[in-house]
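S.K.: Sequence first, predicted coordinates after that:
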Amino acid sequence: MAAPRSPVVPRPTQWTEPSGWTWAVSPGNTIFAEDTAGNLPGTSYIINNPTPVPDGVSGQAWRFDSDRDGVGFGGLDLTEPWTVSGWVRTTGRTSDQVLLSSKAGVLKLQQWGTGKVGFTLPLAIAGETPSGAADHSFDYTLPLNQWVQLTWVTEPGRTTLYANGERVGTIDASIPLPLRSIGTKKAGLRGDLDEVTTWDEALSPEQVRADYAHYDR
């Protein structure tokens, strides 16, 4: 994820805004997030924009401080296996904080009911289980005001979380990589986000550690 490239961009023709979000069309209301490696740039579909801040892990970072802060991609979810990593500096606690979201699943920085890092399967995927039964939490809570690299490595039926290159734990469940948006209308993250990277493969523990070491922090 790179710094803003333009304050206003044309409305994508095949994109549906996340429920409850609006297309911000006036100058200064829409931020363009450039995809520096692939072909999935994002635009902000929100009332309040995430703010670029100078002290990221690598150059600028995005600051999110409202449930209405978000970035929409409109990408197709990636089936397992996959890996996603991102640097997060959490600045506040709320009941639920979403990193990546789509109809196929949600990656959580703070899971509902536990406050820990996790992920959620939609009820249809979870077999119409009761509310909350599709929520999974790792035994890891993000510290406040510290940069942490989180990495989810997912294979069919199995998801492993790493924090700063070290394995946290594994859960026997998985979701497709959600690529609809960062944040949701009612569960935006609180803090700064930088260097979000995805792979269409499950990285090995050695590869995860090497990716973390690359940043020399």
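M.R.: Cool, the structure landed.

S.K.: Which residue lies closest in space to the most centrally placed residue in the chain, excluding its sequence neighbours?
M.R.: Among the residues of the chain, the one closest to the centroid is Leu99, at 2.8 Å (C-alpha atoms, centre = their mean). The shortest distance from Leu99 to any non-neighbouring residue, by C-beta to C-beta, 6 or more residues apart in numbering, is to Leu107 (4.5 Å). Bear in mind the C-beta positions are built from the backbone N, C-alpha and C, glycine included.

S.K.: State the mean pLDDT of whichever strand or helix holds that neighbour.
M.R.: Using DSSP states H and E, Leu107 sits in strand 105-110. Per-region confidence: strand 105-110 scores 94 on mean pLDDT.

S.K.: got it, and stretch 152-162?
M.R.: Mean per-residue pLDDT for stretch 152-162: 97.

S.K.: What does Ala213 show for phi and psi?
M.R.: Per-residue torsions, Ala213: phi -60, psi -30 (degrees, to the nearest 10).

S.K.: What residues sit buried inside stretch 79-95?
M.R.: Within stretch 79-95, the residues scored as buried using 16 or more other C-beta atoms under 10 Å are Glu80, Pro81, Trp82, Thr83, Val84, Ser85, Gly86, Trp87, Val88, Arg89, Thr90, Thr94.

S.K.: same question, stretch 209-217
M.R.: For stretch 209-217, the buried set under the neighbour-count rule, 16+ other C-beta under 10 Å, comprises Arg209, Asp211, Tyr212.

S.K.: hey, what's the residue nearest to Leu99 bridged with?
M.R.: Beta-bridge partners for Leu107, by DSSP bridges, are Leu100, Phe119.

S.K.: My read is that it contacts Val88, right?
M.R.: No: counting by C-beta atoms under 8 Å, Val88 is not a contact partner of Leu107; they are 11.1 Å apart.

S.K.: all helices for this structure, in order.
M.R.: Secondary structure of the chain by DSSP state H: the helices cover 205-213.

S.K.: coming back round to it: could you tell me which residues touch both of Leu107 and Val88?
M.R.: Common contact partners of Leu107 and Val88 (C-beta atoms under 8 Å, 6 or more residues apart in numbering): Leu99.

S.K.: The nearest residue to Asp65 once chain neighbours are set aside: how many residues sit nearby?
M.R.: For Asp65, ignoring the flanking residues on the chain, the nearest one in space by C-beta to C-beta, 6+ apart is Arg190 at 6.2 Å. Residues lying near Arg190 (other C-beta atoms under 10 Å) number 20.

S.K.: returning to that earlier point: quickly note the distance from the residue nearest to Leu99 to Tyr215.
M.R.: Using C-beta to C-beta, to the nearest Å, Leu107 is found at 20 Å from Tyr215.

S.K.: burial of Glu201, as a residue count?
M.R.: Other residues close to Glu201 by other C-beta under 10 Å number 11.

S.K.: check contacts around it.
M.R.: Pro81, Trp82, Thr83.
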